[in-house]
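Visitor: need coordinates for the following:
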Amino acid sequence: MSLKFVSKTVHAYLDYPVALALLIAPFALGLGTDTTLALWLSVTVGVAAFVLTLLTDHHLGLFRILPYSVHLAVDAAVGALFLFAPMAFGFKGLDAYFYWANGLAVVIVVGLHKPENESAHV
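Guide: Below you'll find the predicted structure:
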């Protein structure tokens with residue numbers, strides 16, 4: 001039994017709420033008291049995530065230009081960025097925990113990606 005259960009469809013349903021959360025949560029949590037980068041990095045990534053989702057070739061993508069594999073690669077890069085951002089940019093306290101938690105969540109979702117059945121393509 002494989003633990004990889006996050007299908008392309010499930011991932012698509014996660015994308016828009018996650019992008020929205022990355023836009024709103026930094027303000028709601030009061031991130032960036034030590035450095036505004038902690039606030040604006042999340043907002044910038046949230047905007048980019050929203051655009052990426054609009055451009056991804058899945059059922060919730062509006063323009064379907066980018067292959068889903070590119071979307072997953074970008075997500076993995078964002079997960080790594082978020083995990084290392086506190087150390088690279090000197091985020092402390094809540095700022096650091098926010099990025100570590102989100103980075104870990106993204107890496108887990110990407111790691112649990114269920115490859116599509118090649119014969120299922122039409």
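Visitor: in this structure L14 contacts V109, no?
Guide: Yes. With contact defined as CB atoms under 8 Å, L14 reaches V109; the gap is 6.8 Å. Heads up, the C-betas are built off the backbone N, CA and C, glycines and all.
Visitor: between these two, which contacts overlap?
Guide: V6 (CB atoms under 8 Å, 6 or more residues apart in numbering).
Visitor: which SSE is P17 in?
Guide: helix 8-29 (DSSP states H and E).
Visitor: for that helix, packing partners?
Guide: Contacts defined by 3 or more CB pairs under 8 Å, 6 or more residues apart in numbering; DSSP states H and E place helix 8-29 against helix 37-55, helix 93-111.
Visitor: which residues of this structure score low on pLDDT?
Guide: Low-confidence segments of the chain, defined by pLDDT under 70: 1, 118-122.
Visitor: can we see that at 50?
Guide: 118-122 (pLDDT under 50).
Visitor: what separation do you get for the nearest residue to V107 once chain neighbours are set aside and A88?
Guide: In space, V107 comes closest to G79 once its chain neighbours are excluded; the distance is 3.9 Å by CB to CB, 6 or more residues apart in numbering. Per CB to CB, to the nearest Å, G79 is found 14 Å from A88.
Visitor: look at the two and report which has more neighbours.
Guide: G79 (20 against 11; other CB atoms under 10 Å).
Visitor: my guess is the more buried one contacts V106. True?
Guide: Yes. With contacts counted by CB under 8 Å, G79 reaches V106, the gap being 3.5 Å.
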